[in-house]
Structure formats: structure tokens, C-alpha cells
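Trainee: Give me a 3D structure for the following:
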Amino acid sequence: MYLSVFGETVTEKVIEKSRFLSYAAHTAGESEARAFLDRVRAAHPQATHVCYGYIADALGNEQRFSDAGEPQGTAGMPILGVLKAKRLFETSIAVVRYFGGIKLGAGGLTRAYASSAAECCEAAEIREYDACVSCAVVVNYPEVNAMLRFLEREGVEAEKRFGERAEFSVAVRETDYDKFCAGLGEYLNGRAEIEKRDRYIYPFPRK
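Mentor: Residues are numbered from 1 along each chain as shown. Sure thing, here's the model as predicted:
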């Protein structure tokens with residue numbers, strides 16, 4: 001299990017007339033991280049600097065950062081430091097700066113980039129990426145309300161499809177799967193058909 005941002009988040013702040021726009025995104029792998037950075041750069045062709053830091057894998061081995069023309073060590077490393085401090089993986093942060101005419105100095109720049117990245121992380125939704133097992137649960141319509149109550153009690157998200165019977169596609173943490181199935185069978189008195197499907201990494205809401 002590891003933490004990462006979910007989706008993309010943008011925040012903005014002004015420091016000594018310089019405008020800082022921060023972007024955080026879930027990026028699984030360096031190709032996704034580079035594509036994300038390309039999108040940010042394309043959206044801000046007139047920006048003075050587009051600095052970044054990312055940890056592109058789930059183990060912390062694929063780390064990169066760039067000062068993008070700012071004095072060495074004042075931008076990219078502080079951004080990457082925020083990711084490390086918050087223990088975020090598969091996450092990229094880009095901070096766009098539009099220079100406002102007042103120089104911040106090395107210390108001021110370091111604080112500005114670090115605080116911009118930190119505030120963007122605070123605004124982002126953080127989820128727990130963990131191994132899950134997906135399954136389809138099929139019930140008759142009289143059991144739908146009970147099924148919904150069970151899912152709410154367990155904190156499990158589901159996609160619903162209603163045809164001749166009601167089908168719920170759910171993703172359950174792999175470590176909780178047997179307990180989930182046993183609990184569902186007991187709650188619905190055996191009136192649920194469960195079909196195990198795939199195993200993959202899923203972004204679970206934090207408990």
C-alpha cells in the first residue's frame with residue numbers, strides 16, 4: 001500500500017508580486033510524469049519558470065526534479081522534498097512561476113516553491129493505492145436496499161447496473177476479500193452471487 005494524489009489539483013498564490021501556480025497529479029511511471037509536465041508547459045508558454053519534482057513509481061526509485069532556470073537548489077529539490085515528507089508516490093508536482101519584478105533571493109525562492117507544493121498537496125485528495133480484488137455481486141431486486149446498506153457499512157464503492165437483476169461491480173482490498181464475501185453472505189442470508197474477477201491496484205479512499 002502507498003499514498004498518492006487522486007486525479008489532478010491546481011492551486012495558486014502570489015508572493016511579492018510573483019504568481020505561483022501549482023499542479024499535482026497522479027502519474028504512474030515516468031512516461032505519465034513527462035506527459036503531465038508537457039501539458040503544464042503547453043498551458044503556460046509565457047511563464048518565467050516551470051519547475052517540478054516527481055516520484056513516478058511506488059517504491060521511490062524513479063525520482064526527478066528540475067529548477068528550470070531558477071538558482072540551483074531553490075525550486076526542484078524543495079518540491080521533491082515535499083513529496084518525500086508527505087510520503088507520496090506516483091505523484092508529480094509542477095510549480096509555474098510568473099515573475100512579478102521583485103527578486104526573492106535563494107531563501108525566499110526555496111520557501112516559495114516548497115510552500116506552493118505543500119499547499120497543492122494539502123488541497124489534493126490523497127488516496128491509499130492498494131492491491132484489490134474486483135468482483136461482481138448479483139442480487140434480486142428485493143435485496144438491493146440491503147446490498148446498498150452493506151456496501152455503505154463496509155465503505156466499499158460500487159458501480160451499479162440494473163437489468164433483469166441488479167449487478168454491483170466492487171473493488172475490495174485483497175486482504176479484506178474473504179472477510180467481505182463472508183460478511184456479505186451472512187448479511188444477505190446467502191442471497192447474493194459473487195463472481196471473482198481481476199486483481200489490480202486500486203485508489204481506495206483513506207480511512
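
Trainee: Sort out which residues of stretch 124-134 are buried, please.
Mentor: With burial defined by 16 or more other CB atoms under 10 Å, the residues of stretch 124-134 counted as buried are 124, 126-130, 132-134. Any C-beta I mention is one placed from the backbone N, CA and C, and that applies to glycine too.

Trainee: try stretch 69-78
Mentor: 70, 74-78.

Trainee: I'd like the average pLDDT over the longest helix belonging to the chain.
Mentor: Taking DSSP state H as the criterion, the chain has its longest helix at helix 105-123. Averaged across helix 105-123, the pLDDT comes to 97.

Trainee: next SSE after that helix?
Mentor: Sequence-wise, the next helix or strand downstream of helix 105-123 (DSSP states H and E) is strand 126-139.

Trainee: which strands and helices sit next to that following strand?
Mentor: The contact analysis (3 or more CB pairs under 8 Å, 6 or more residues apart in numbering; DSSP states H and E) places strand 126-139 against strand 2-5, strand 166-173, helix 177-187, strand 193-205.

Trainee: That one pairs with which strands?
Mentor: strand 2-5 (antiparallel), strand 166-173 (antiparallel), strand 193-205 (antiparallel) (DSSP bridges).

Trainee: any idea how the chain splits into domains?
Mentor: The domain map for the chain lists 2-124, 128-205, with the assignment taken from automatic domain parsing.

Trainee: Pull out the buried positions in the worst-scoring helix or strand of the chain on mean pLDDT.
Mentor: The weakest-scoring helix or strand in the chain, judged by mean pLDDT, DSSP states H and E, is strand 193-205 (a mean of 92). For strand 193-205, a neighbour-count test (16+ other CB under 10 Å) marks 194, 201-204 as buried.

Trainee: any idea how far that strand is from the chain center?
Mentor: Centroid separation for strand 193-205 versus its chain: 18 Å, with CA atoms, centre = their mean, to the nearest Å.

Trainee: Need the contact partners of that strand.
Mentor: 4, 6, 26, 58, 127-139, 155, 157, 171, 173-174, 177, 181, 184-185 (CB atoms under 8 Å, 6 or more residues apart in numbering).

Trainee: Pull the number of nearby residues for the closest residue in space to Ser4 that isn't next to it in sequence.
Mentor: Closest residue to Ser4 apart from its sequence neighbours, by CB to CB, 6 or more residues apart in numbering: Glu90 at 4.6 Å. Residues near Glu90, counting by other CB atoms under 10 Å, number 25.

Trainee: Gln46 too?
Mentor: Gln46: 5 neighbours (other CB under 10 Å).

Trainee: Can you list phi and psi of it for me?
Mentor: phi -100, psi 0 (degrees, to the nearest 10).

Trainee: Tell me which residues touch His49, please.
Mentor: Applying CB under 8 Å, 6+ apart, the residues near His49 are 67-70, 75, 96-97, 99.

Trainee: try Glu62
Mentor: Per CB under 8 Å, 6+ apart, neighbours of Glu62: 29-30, 33, 54-56.

Trainee: which sections of the protein are below the confidence cut-off?
Mentor: Judged against pLDDT under 70, the chain has no low-scoring part.

Trainee: With just CA atoms, put stretch 84-103 into CSV.
Mentor: C-alpha atoms of stretch 84-103 as CSV (Å, rounded to 0.1, in the frame of the first residue of the first chain):
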residue,chain,number,x,y,z
LYS,A,84,9.2,12.8,0.3
ALA,A,85,8.0,14.5,3.5
LYS,A,86,4.3,13.6,2.7
ARG,A,87,5.3,10.1,1.6
LEU,A,88,3.6,10.4,-1.8
PHE,A,89,4.4,8.1,-4.6
GLU,A,90,3.4,8.0,-8.3
THR,A,91,2.9,11.8,-7.8
SER,A,92,4.2,14.8,-9.8
ILE,A,93,4.1,18.4,-8.9
ALA,A,94,4.8,21.3,-11.2
VAL,A,95,5.0,24.9,-10.0
VAL,A,96,4.7,27.6,-12.6
ARG,A,97,6.1,31.0,-11.8
TYR,A,98,5.3,34.3,-13.5
PHE,A,99,7.9,36.7,-12.3
GLY,A,100,6.5,39.9,-10.7
GLY,A,101,9.6,42.1,-10.8
ILE,A,102,10.8,41.6,-7.2
LYS,A,103,13.6,39.2,-6.6
